[in-house]
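**Q** my questions concern the predicted model and sequence given below.
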Amino acid sequence: MDWRGIGAALLAVELAVGLAGPAEAGAFTLEHGRTKLFLTGVLNSGDHYFDADGRLKRRGIYRKYDLQLYGEHGLREGLTVFGSAGLQRIKTKDGASFERAGLGRTEFGLRAKMFERVGWIGSVQGSAVIAGAKKGPDLAVVGETDDQFDGRVLVARSFEAFGKPAFVDLAAGYRVRTGDPADEARFDATFGVRPSPRLLVMAQSFNTIGVARWRGPYALRQRIYKLQGAAIYDLTDNWSLIGAAFCTPAGRDALDERGATFGVGLKF
């Protein structure tokens, strides 16, 4: 089952595509009136899980497919509104078979630039995440039915690496989860470099730490550590292709998720 709901899939896409152009300044907010849209498909599977001691064990079949639309718009200089919505299909087999298909999570939020100096940008953001699944006995919806509220502090540094434009992005946040799942502290890092003017490649780390045990039937105290490699290729000044692959090298009370993301981006 998907222990952390939308978690890595949507967040990985948001960071990968939301930072599509920051080897220049302006890593986190768009210029006034500018818009970016991204349509992505995420394939996610996990046939093993990490137990409470971090040991990898085999489990039943888990498959998750997401089709997601993410967008952001510059409301004014230093203030960006963003949002996402999607469809999902989850299949799991652990003794019995379960399946869930329908609306995934919907998110709306604001990102505000706090400071900008030579090579540095700092911002804060907050968002609300609304669940698309309803609570029930189906194992395919565990971790998918809670509404969430997320706050983050973000800092980026632009520089040159090997003579090419590059950046490092760091984010620290706290996510309040309603219902059974425990609240989460989140720490993410991205290193990106442009080996050519049209190609951006990134190495990313996404880390989730449950601050307590889950309530309800699953007494989980999660630790989830994910790695992702991503690339964005600009076909034109407006259209881009997106590709990424992710894995879970370690965790506790967490699914060993592996998968890939493919999509297109449009900016205007």
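**A** Good, I have the coordinates. Residues are numbered from 1 along each chain as shown.
**Q** how much space separates E107 from F149?
**A** Shown here: E107 relative to F149, a distance of 10 Å by C-beta to C-beta, to the nearest Å. The C-beta positions use only the backbone N, C-alpha and C, and glycine is treated the same way.
**Q** and for G86?
**A** Distance from G86 to F149, by C-beta to C-beta: 19 Å.
**Q** more neighbours, the two?
**A** More crowded of G86 and F149, by other C-beta atoms under 10 Å: G86, with 23 against 15.
**Q** hang on, R58 packs against D51?
**A** No. Counting by C-beta atoms under 8 Å, R58 does not reach D51; the two are 11.0 Å apart.
**Q** comparing those two, which shows the higher neighbour count?
**A** D51 (13 against 8).
**Q** show me the contacts for the residue lying closest to that one once chain neighbours are set aside.
**A** Nearest non-adjacent residue to D51, counting by C-beta to C-beta, 6 or more residues apart in numbering: K57, 5.6 Å away. Residues near K57 by C-beta atoms under 8 Å, 6 or more residues apart in numbering: 48-51.
**Q** list the pairing partners of the host helix or strand of H73 within its sheet, with orientation.
**A** Taking DSSP states H and E as the criterion, the element that holds H73 is strand 61-76. Within its sheet, strand 61-76 is paired with strand 35-45 (antiparallel), strand 79-94 (antiparallel), according to DSSP bridges.
**Q** just the buried positions in the longest one, please.
**A** To tie it back to what came earlier, the one meant is strand 79-94. In terms of neighbour count (16 or more other C-beta atoms under 10 Å), strand 79-94 has its buried residues at 79-80, 82, 84-86, 88, 90-93.
**Q** cool, and stretch 174-192?
**A** 175-177, 180-182, 184, 186, 188, 190, 192.
**Q** repeat for stretch 199-217
**A** 200-202, 204, 206-210, 214.
**Q** just checking: what are the partner strands of the one helix or strand G229 maps to?
**A** Taking DSSP H and E as the definition, G229 sits inside strand 223-234. Looking at strand 223-234 with DSSP bridges, its partner strands are strand 199-210 (antiparallel), strand 239-252 (antiparallel).
**Q** quick one: mean pLDDT for it?
**A** The predicted model gives strand 223-234 an average pLDDT of 96.
**Q** could you do stretch 171-185 as well?
**A** 94.
**Q** how about the strands in the stretch 1-150 of the chain?
**A** For the stretch 1-150 of the chain, the strands defined by DSSP state E, counting those that start in this stretch occupy 35-45, 48-50, 56-58, 61-76, 79-94, 96-103, 106-117, 120-130, 148-161.
**Q** low pLDDT regions in the stretch 101-250 of the chain?
**A** Flagging of the stretch 101-250 of the chain using pLDDT under 70 yields the residue ranges 137.
**Q** and the residue nearest to L241 when sequence neighbours are not counted, how many residues sit next to it?
**A** Distance criterion C-beta to C-beta, 6+ apart; nearest residue to L241, sequence neighbours excluded, is Y233 at 4.8 Å. Counted with other C-beta under 10 Å, the neighbours of Y233 add up to 15.
**Q** returning to what we had before: pull the CA atoms of the strand holding H73 into PDB?
**A** The C-alpha coordinates for strand 61-76 follow below in PDB (Å, rounded to 0.1, in the frame of the first residue of the first chain):
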ATOM      1  CA  ILE A  61       2.000  -6.300  -5.600                       C
ATOM      2  CA  TYR A  62       1.500  -2.600  -5.600                       C
ATOM      3  CA  ARG A  63       1.000  -0.400  -8.700                       C
ATOM      4  CA  LYS A  64       0.000   3.300  -8.900                       C
ATOM      5  CA  TYR A  65      -0.600   5.300 -12.000                       C
ATOM      6  CA  ASP A  66      -1.100   9.100 -11.900                       C
ATOM      7  CA  LEU A  67      -2.000  11.600 -14.600                       C
ATOM      8  CA  GLN A  68      -1.300  15.100 -13.100                       C
ATOM      9  CA  LEU A  69      -1.700  18.700 -14.200                       C
ATOM     10  CA  TYR A  70       0.500  21.200 -12.400                       C
ATOM     11  CA  GLY A  71       0.500  25.000 -13.000                       C
ATOM     12  CA  GLU A  72       1.800  28.200 -11.500                       C
ATOM     13  CA  HIS A  73       1.200  31.900 -12.300                       C
ATOM     14  CA  GLY A  74       2.900  35.100 -11.300                       C
ATOM     15  CA  LEU A  75       0.300  37.200  -9.600                       C
ATOM     16  CA  ARG A  76       2.800  40.000  -9.100                       C
END
